[in-house]
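Asks: using only what follows, build the 3D model:
(one chain, ligands or ions: 2)
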Amino acid sequence: MSLITTDICIIGAGSGGLSIAAGAVQMGARVVLIEGGEMGGDCLNAGCIPSKALIAAAKAAQAMRDGARFGITPTEPEVDFGAVKDHVARVIETIAPVDSQERFEGLGVRVIRDWAKFSGPDTVEAGGHRIKARRFVIATGSRPLVPPIPGVDTVPYLTNETIFGLRDRPAHLLIIGGGPIGMEMAQAHRRLGCKVTVIEGSKALGHDDPELSAIVLANLRAEGVEVLEGAKVVALSGQAGDITVALEDGRQVQGTHLLLAAGRKVHLDGLNLEVAGVKHDGKGVTVGADLRSTNRRVYAVGDAAGGLQFTHVAGYHAGIVIRQIVLGLPAKTSTRHIPWVTYTDPELAQVGLTEAAARKAHGTAVSVLRQEFAHNDRAQAEGKPVGLLKVMVVKGRPVGASIVGPQAGELIGLWAFAIASRAKLSAIAGMVAPYPTLGEISKRAAGAYFSPKLFDNPTLKGFVRLVQKVLP
Ligand SMILES: Cc1cc2nc3c(=O)[nH]c(=O)nc-3n(C[C@H](O)[C@H](O)[C@H](O)COP(=O)(O)OP(=O)(O)OC[C@H]3O[C@@H](n4cnc5c(N)ncnc54)[C@H](O)[C@@H]3O)c2cc1C
Ligand SMILES: NC(=O)c1ccc[n+]([C@@H]2O[C@H](COP(=O)([O-])OP(=O)(O)OC[C@H]3O[C@@H](n4cnc5c(N)ncnc54)[C@H](O)[C@@H]3O)[C@@H](O)[C@H]2O)c1
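Replies: Numbering: from 1, shown residues only. Ligands and ions are numbered 1, 2, ... in the order given. Purely as a prediction, here's the structure:
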């Protein structure tokens, strides 16, 4: 076994690990990057990218059914499911070089393709090497959670790791879990011609504002997705092509395929964290706001750090850790300004506090501004008038924004920026938004905060009357 000594050793070449490797090596640190599976991790190979590529194909199919309001004869599209999967594979292939071993070796990173495990508090083993490093980063991501439902061992099921490889269209896809994975996949498969039933034990899209989630659910149901909420699964049975999900209330749901989208399990298997003195629990590696573990040499980022599980969070964590282990400067994470988006149609986006969380935290000091997409000229022109923006404001500054509607994922960016930079609402009200854009909705919401002060103000009215008398 050969010995490698380095400054930084990163385990996992997904969104978090790759960002740290690229940043650290380009700033002059010696970096070893270890990847046991595919370069690019979940986001590229089995998460964000394939799911968004599938959603884009499904959107194209839906547009063909949706033309009547524009005077275009609707038609039921012929979907070649295998060709749709070719599109998904092509998108992955196009992006893959950015995350590739060749690119990182070109940057000067030493890449080892093997599963890593700690052999001591400052050593890791992989690919026949012992790696001794000043700092380690655990960036090992997460895997699909397989809930312990009786029968799960005997029934064939899909997860995010296998569903994108399916080339034959499922006739009836059953999905356990109504979170972002479940709902994005439900709508995409429905639009691509599958019958779809979502079985959710609690509330579907339960991490978001229920008023906004309800708008998404209404559209999914209108498109023919069956969503069962409060549905406790007690048993699974059947075989390929004929699967039965038994519910606690005695109902049985039958379908041809089953997708498990019931949450994630942090991927710490085989890392031997005990020998390194790195504590962890069911959620992830135990870290402080600085992302440092119980071993001062070892940090954790991304899904492995046990908090919000998004690619942009892994990227944000990378910046926090680079500051500390490359530059030796202090840095801490915060979740106050982290947005997230569920890419259903309409899209569902959140940053900062929801209305309920803002009222709990700030009581009567919070004002909630509401703007409906129905009042936005561009949304009307596009035939997409369903949607709502809510902005939670405390002392003239936004503390949260929730959006459901077309392009909500793009629109939330402005609010993420405003909250991150602690901007005042007056800055957004003062912005000139191009007409006609969906983005005007943000300016209009901000303007609504000031309009009672301007339009229902007797003092101002008296002052204006006076000015009008004296103006030459
Ligand atoms: C279906 C789906 C859709 C998603 N859509 C979005 C989205 O639209 N937007 C968004 O922001 N997020 C989305 N996510 C979440 C996003 O994919 C993750 O949050 C992100 O990939 C986490 O990055 P990471 O670096 O922590 O882990 P990963 O990207 O999972 O990378 C971890 C890497 O570590 C490797 N590894 C694990 N253990 C070891 C070991 N012992 N030795 C060596 N290598 C190891 C793994 O093989 C993997 O390549 C989605 C997730 C799924 C499942
Ligand atoms: N657009 C995005 O950014 C995006 C898309 C997909 C996934 N992700 C990330 O991946 C994470 C995981 O997504 P997810 O949807 O798997 O998880 P999730 O935890 O968000 O949702 C899982 C859902 O499954 C339900 N559930 C769990 N066990 C069940 C059971 N036995 N029977 C019925 N229902 C059950 C839960 O009540 C929950 O609503 C997300 O939290 C998110 O961080 C992000």
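Asks: residues in contact with the residue minimising distance to the centre of the chain?
Replies: Most central in the chain under Cα atoms, centre = their mean is residue 310, positioned 4.6 Å from the mean C-alpha point. Going by Cβ atoms under 8 Å, 6 or more residues apart in numbering, residue 310 touches 338, 340. In this view, the C-beta of every residue, glycine as well, is placed from N, C-alpha and C.
Asks: do you know how far it is from residue 48?
Replies: Distance of residue 310 to residue 48, computed by Cβ to Cβ, to the nearest Å: 9 Å.
Asks: residue 4 now?
Replies: Note on residue 4: its distance to residue 48, by Cβ to Cβ, is 32 Å.
Asks: measure the closest residue to ligand 1 within the stretch 301-450 of the chain to ligand 2 for me?
Replies: Nearest to ligand 1, among the residues of the stretch 301-450 of the chain, is residue 302, at 2.1 Å (Cβ to the nearest ligand atom). Counting by Cβ to the nearest ligand atom, to the nearest Å, the gap from residue 302 to ligand 2 is 11 Å.
Asks: again with residue 19
Replies: 17 Å.
Asks: over to residue 198?
Replies: Taken as Cβ to the nearest ligand atom, the span from residue 198 to ligand 2 is 9 Å.
Asks: A helix includes residue 404, no?
Replies: No. Assigned with DSSP: H, G, I helix; E, B strand; the rest coil, residue 404 falls outside any helix and is strand.
Asks: count the neighbours of the closest residue to it other than its chain neighbours for me.
Replies: Using Cβ to Cβ, 6 or more residues apart in numbering and skipping residues adjacent in sequence, the residue nearest residue 404 is residue 212, 4.0 Å away. As a burial measure, residue 212 scores 25 neighbours (other Cβ atoms under 10 Å).
Asks: residue 212 and residue 402 touch, don't they?
Replies: Yes. Using Cβ atoms under 8 Å, residue 212 is in contact with residue 402, at 5.4 Å.
Asks: overlap in contacts of those two?
Replies: Both residue 212 and residue 402 are in contact with residue 390, where contact means Cβ under 8 Å, 6+ apart.
Asks: could you check how far the residue in the chain that ligand 2 sits nearest to is from residue 370?
Replies: The minimum distance from the chain to ligand 2, using Cβ to the nearest ligand atom, falls at residue 179 (2.1 Å). In this view, residue 179 and residue 370 are 26 Å apart by Cβ to Cβ.
Asks: likewise for residue 276?
Replies: 50 Å.
Asks: between those two, which has more neighbouring residues?
Replies: Remark: of residue 276 and residue 370, residue 276 carries more neighbours, 23 against 13, as counted by other Cβ under 10 Å.
Asks: tell me the confidence at the nearest residue to that one once chain neighbours are set aside?
Replies: Once flanking residues are discounted, residue 276 sits nearest to residue 118: 3.9 Å by Cβ to Cβ, 6+ apart. Residue 118 is assigned 98 on the pLDDT scale.
Asks: same question for residue 104.
Replies: With respect to pLDDT, residue 104 scores 98.
Asks: with residue 392 instead?
Replies: Among the per-residue scores, residue 392 shows a pLDDT of 98.
Asks: that one: how many residues sit nearby?
Replies: 27.
Asks: in which helix or strand would I find it?
Replies: strand 388-394 (DSSP states H and E).
Asks: thanks a lot, see you next time.
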